[in-house]
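In: structure here, sequence nowhere to be found:
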């Protein structure tokens, strides 16, 4: 099925071409495709400009909309080729609007994201409770996207987006226990496991509940965390967490464990084979927690999908998922 390329005036043009969509947890997704000149698409190729939009990439039921941000035209002989790159429309909308007022003080999660999304055309839903945090000179010309990302970082949140309701759902961790599995004997090829120990830490100390004037040496909350892997590779010290705003042991404990967990990196990449006739529900997406099995590497464990790249042919059929 053809994608729809829509002009600034709202006129839609069907286009049959291979597409590549990249999606990551809590990061903007991208769409890329090429238009190779032929009599049927000659007018479109020469008319298309930045800021046009693209829809129906995944079929008639796919409501996601992408805004074209980059065009790269080249020629081979007498034939033109246009490479198009687009980003998710909602992310571009947040990036093109700025907040000029200046805000400082303590913000609950609701107060902060109310400020980010007020009059933006989008809604948000904060699923998990977060602690209030202090900010200085928020806004002052920053884009809504810059402030959105700053809030995600400060409150340790991730997000998903629903196009139908134009709503960002914010939660501490995007995770969905998948009902499908990935097995090298059934629906996966080219499984690769990479372990990065360049910054692998097993021990960390945290300091909280202190003022800027007193510094961390006056901390009323001092905690430590040692990962079980320390019994195998020894105690490797991570940079300490120093945040005077943290006053609860539960919050500090979660921060310490998260820092250590992030440092012990094992990445997994593979080519997913879609089997719509047998496993129609098996459509990997960022955030899915899925069992992965591979006899050759003795892998049999749950993995969280953080990035998915989907290639569709000119008829909209999935060729590859990576």
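Out: Cool, got the structure. On a predicted model such as this, the values are computed, not experimentally measured, just so you know.
In: now residue 231: how far from residue 305?
Out: The spacing between residue 231 and residue 305, counted by Cβ to Cβ, to the nearest Å, is 30 Å. (Each C-beta comes from the backbone N, C-alpha and C, glycine too.)
In: who has more neighbours out of the two?
Out: Neighbour count, other Cβ atoms under 10 Å: between residue 231 and residue 305, residue 305 has more, with 23 against 10.
In: domains for this structure, by residue range?
Out: Listed by automatic domain parsing, the domain ranges of the chain are 3-90, 97-171, 176-196+266-307, 203-263.
In: partner strands of the helix or strand harbouring residue 105, with direction?
Out: Assigned by DSSP states H and E, residue 105 belongs to strand 102-107. Strand 102-107 has the following strand partners under DSSP bridges: strand 133-139 (antiparallel).
In: next, the buried residues of the helix or strand that comes right after the strand holding residue 105.
Out: Where DSSP H and E defines the elements, the next helix or strand beyond strand 102-107 is helix 109-117. Neighbour counts using 16 or more other Cβ atoms under 10 Å place 109, 112-113, 115-117 of helix 109-117 among the buried residues.
In: what does stretch 183-191 give?
Out: 183-184, 187-188, 191.
In: same question for the longest helix along the chain, mean pLDDT?
Out: Assignment by DSSP state H gives helix 249-263 as the longest helix of the chain. For helix 249-263, mean pLDDT rounds to 88.
In: tell me which residues are up against it.
Out: By Cβ atoms under 8 Å, 6 or more residues apart in numbering, the residues outside helix 249-263 that reach it are 131, 156, 199-206, 208, 221, 223-225, 227, 238, 241, 243, 246.
In: now that helix: how far from the chain's centre is it?
Out: A distance of 21 Å separates the centroid of the chain from that of helix 249-263, by Cα atoms, centre = their mean, to the nearest Å.
In: stretch 183-192 now?
Out: With Cα atoms, centre = their mean as the basis, the mean position of stretch 183-192 lies at 24 Å from the chain mean.
In: and what of stretch 210-228?
Out: Averaging C-alpha positions (Cα atoms, centre = their mean) puts stretch 210-228 31 Å from its chain's average.
In: how long is that stretch from one end to the other?
Out: One end of stretch 210-228 sits 29 Å from the other (Cα to Cα, to the nearest Å).
In: quick one: buried residues of that stretch?
Out: Applying 16+ other Cβ under 10 Å to stretch 210-228 flags 210, 216, 219, 221, 223, 225, 227 as buried.
In: again with stretch 39-47
Out: Buried residues in stretch 39-47 (16+ other Cβ under 10 Å): 41, 44-45.
In: ok, stretch 245-264 next?
Out: Buried residues in stretch 245-264 (16+ other Cβ under 10 Å): 246, 251-252, 255-256, 258-260, 263-264.
In: other residues contacting stretch 61-73?
Out: 30-31, 48-58, 80-89, 92, 163-164.
In: for stretch 202-212, that is, sorry about that
Out: The contact list for stretch 202-212 (Cβ under 8 Å, 6+ apart) reads 216-227, 229-230, 233-247, 251-252, 255-256, 259-260, 264.
In: how about 7 Å then?
Out: With contact meaning Cβ atoms under 7 Å, 6 or more residues apart in numbering, stretch 202-212 is reached by 216, 218-227, 229-230, 233, 235-238, 240-244, 246-247, 252, 255-256, 259-260.
In: which of those fall within strands?
Out: Applying DSSP state E to those, the entries found in strands are 221-226, 241-243.
In: which of those sit farthest apart?
Out: 226 and 243 (19.9 Å; Cβ to Cβ).
In: where do the strands sit along the stretch 1-150 of the chain?
Out: 3-6, 12-15, 19-24, 27-36, 53-55, 66-76, 79-88, 98-99, 102-107, 123-126, 133-139, 142-143 (DSSP state E, counting those that start in this stretch).
In: mind listing what's buried in the first one?
Out: To tie it back to what came earlier, the one meant is strand 3-6. 3-6.
In: and if you look at the longest one?
Out: Neighbour-count burial for strand 66-76, with 16+ other Cβ under 10 Å as criterion, is recorded at 66-68.
In: and of those, the nearest to residue 148?
Out: Comparing the buried residues of strand 66-76 against residue 148 with Cβ to Cβ places residue 67 closest, at 16.9 Å.
In: tell me the mean pLDDT over stretch 58-77?
Out: Mean predicted lDDT for stretch 58-77 stands at 93.
In: what angle do whichever strand or helix holds residue 206 and strand 221-226 make?
Out: Here residue 206, judged by DSSP H and E, is contained in strand 203-208. Interaxial angle, strand 203-208 versus strand 221-226 (axes from the mean of the first three to the mean of the last three Cα atoms, to 10 degrees): 160 degrees.
In: buried residues in strand 203-208?
Out: Using 16+ other Cβ under 10 Å as the test for burial, strand 203-208 gives 203-204, 206-208.
In: do stretch 85-104 as well
Out: 85-95, 99, 103.
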